[in-house]
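1. With the sequence up front, the predicted model follows.
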Amino acid sequence: MNGREEKDSNDLFFLCSLIEYIGRKTKNHRNVVVNAIGKERLQHFLDLADVYHSENIDKISSELIEKHNIEDGYFDNISDAKYSIPTHWDIGKVYKRLIIDVAGFQNRNYIDVLSEVYNSWLSRKIEDFNSSIYYESPPCLFELYKKGEID
């Protein structure tokens, strides 16, 4: 371990933050970004996250948007937010923790779980910055994900 957390965890954090950044930049739900990039390319970015992390995130996101033809959408959770807006790094950490918990519980790889989580009902709730779900503790989000609904 180099630093405060495992390399795989830090790499996943970067990838989730990049997905959030692209979603904000293109005004798309995050599953649109994940599905446009695809599992193979997401795995590539996860494998080389320590290299890409030293690049300018705006440059990397622009290249991915162009390469994968991610068109502008209409989902603008930033402008719609009534309260303090979490950073793309904040949301990246929320997704990273959830993906790690689900992957560990189901004994699955990060990219398959990442795709599943971003395409889930819970992702739409996390994207809603007018709710407080993204502030919930990682164990709470994991239990909600497993349960499949909010009471």
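-> Here it is on my side, so go on.

2. ok, now how distant is the nearest residue to residue 96 once chain neighbours are set aside from residue 73?
-> Leaving out its chain neighbours, the residue that sits closest to residue 96 by CB to CB, 6 or more residues apart in numbering is residue 13, at 4.3 Å. For the C-beta atoms, the positions are set from N, CA and C on the backbone; glycine is no exception. Residue 13 is 24 Å from residue 73, where distance means CB to CB, to the nearest Å.

3. For the two, work out which one has more neighbours and name it.
-> Per other CB atoms under 10 Å, whichever of residue 13 and residue 73 has more neighbours is residue 13, with 21 against 13.

4. what about the more buried one, distance to residue 46?
-> Counting by CB to CB, the gap from residue 13 to residue 46 is 10 Å.

5. how about residue 15, what does it touch?
-> Contacts for residue 15 (CB atoms under 8 Å, 6 or more residues apart in numbering) come out as 42, 45, 46, 49, 92, 114.

6. now the residues you listed in CSV, with distance to residue 134, pLDDT and secondary structure?
-> What follows is the contacts of residue 15, written out as CSV (distance: CB to CB, whole Å; pLDDT from 0 to 100; DSSP: H, G, I helix; E, B strand; the rest coil):
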residue, distance to residue 134, pLDDT, secondary structure
42, 21, 96, helix
45, 22, 91, helix
46, 22, 94, helix
49, 22, 89, helix
92, 11, 96, helix
114, 17, 98, helix
